[in-house]
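[1] take a look and give me a structure for this.
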Amino acid sequence: MAETAQQAVESEPAETAPAEGDTKTEAGTEHSPEADEGLVQEGDIAGDYLERLLDLLDYDGDIDLDVEGGRAVVSIDGGEDLDKLVGPRGNVLEALQELTRLAVQQETGVRSRLMLDIAGWRADRREELSELGRTTAEQVAEAGEPARLKPMTPFERKVVHDAVAAVKGVTSESEGEEPRRRVVVVPET
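    Below you'll find the predicted structure:
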């Protein structure tokens with residue numbers, strides 16, 4: 001269910017105050033081998049937790065562990081029932097990601113930032129959102145008027161912010177409170 005840029009844009013006036021801690025892109029950080037080892041450990045713990053969950057549910061799936069962008073990435077692919085673990089608009093996936101992060105934190109004592117993808121949903125959603133951010137940014141650059149997008153999760157907002165940042169003449173910010181927090185694309189002045 002890909003939304004077009006037109007469907008995802010709302011015509012309400014833009015508020016301009018982003019919430020504290022919400023940024024357009026993550027700050028680039030250098031990772032030491034020790035940090036990468038910690039991320040691999042997070043992935044291993046998460047993989048074990050998710051494997052037990054799949055066994056309990058009697059679902060088939062292949063678990064892939066990776067480190068990318070300074071965070072552990074865990075992907076589950078291959079099973080017929082995996083769409084049930086994604087849920088509408090990724091709601092079940094988001095909940096499972098939080099539970100998996102808590103399982104990692106319980107074992108390591110450190111809050112995890114791991115990313116979970118199931119049945120390629122997050123990867124597909126990333127492509128849709130990148131296109132939405134790019135086309136909205138181009139429309140704003142051409143029209144000179146701000147555009148407010150529908151409320152999104154933090155993951156979704158970050159993807160849109162990154163796509164907007166690649167278009168000259170526009171910038172983006174987030175407004176509102178969770179769960180109604182949204183991206184606003186504005187022309188640069």
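
[2] list the buried residues in the longest helix along the chain.
    Secondary structure of the chain per DSSP state H: the longest helix is helix 33-57. The neighbour-count check on helix 33-57 (16 or more other C-beta atoms under 10 Å) flags 38, 39, 42, 43, 45, 46, 47, 49, 50, 53, 54 as buried. (Glycine included, C-beta is placed from N, CA and C.)

[3] after it comes which helix or strand?
    Per DSSP states H and E, the first helix or strand lying C-terminal to helix 33-57 is strand 62-68.

[4] could the buried residues of helix 33-57 be laid out in JSON lines, adding distance to residue 142 and pLDDT?
    Listed next are the buried residues of helix 33-57 as JSON lines, based on distance: C-beta to C-beta, whole Å; pLDDT from 0 to 100:
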{"residue": "38", "distance to residue 142": "45", "pLDDT": "90"}
{"residue": "39", "distance to residue 142": "41", "pLDDT": "94"}
{"residue": "42", "distance to residue 142": "43", "pLDDT": "96"}
{"residue": "43", "distance to residue 142": "43", "pLDDT": "95"}
{"residue": "45", "distance to residue 142": "48", "pLDDT": "97"}
{"residue": "46", "distance to residue 142": "43", "pLDDT": "97"}
{"residue": "47", "distance to residue 142": "46", "pLDDT": "97"}
{"residue": "49", "distance to residue 142": "47", "pLDDT": "98"}
{"residue": "50", "distance to residue 142": "45", "pLDDT": "98"}
{"residue": "53", "distance to residue 142": "47", "pLDDT": "96"}
{"residue": "54", "distance to residue 142": "47", "pLDDT": "96"}
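
[5] and which of the residues you listed is nearest residue 70?
    residue 39 (7.6 Å; C-beta to C-beta).

[6] now do the same contact list for the closest one.
    By C-beta atoms under 8 Å, 6 or more residues apart in numbering, residue 39 lies in contact with 31, 67, 70, 71, 72.
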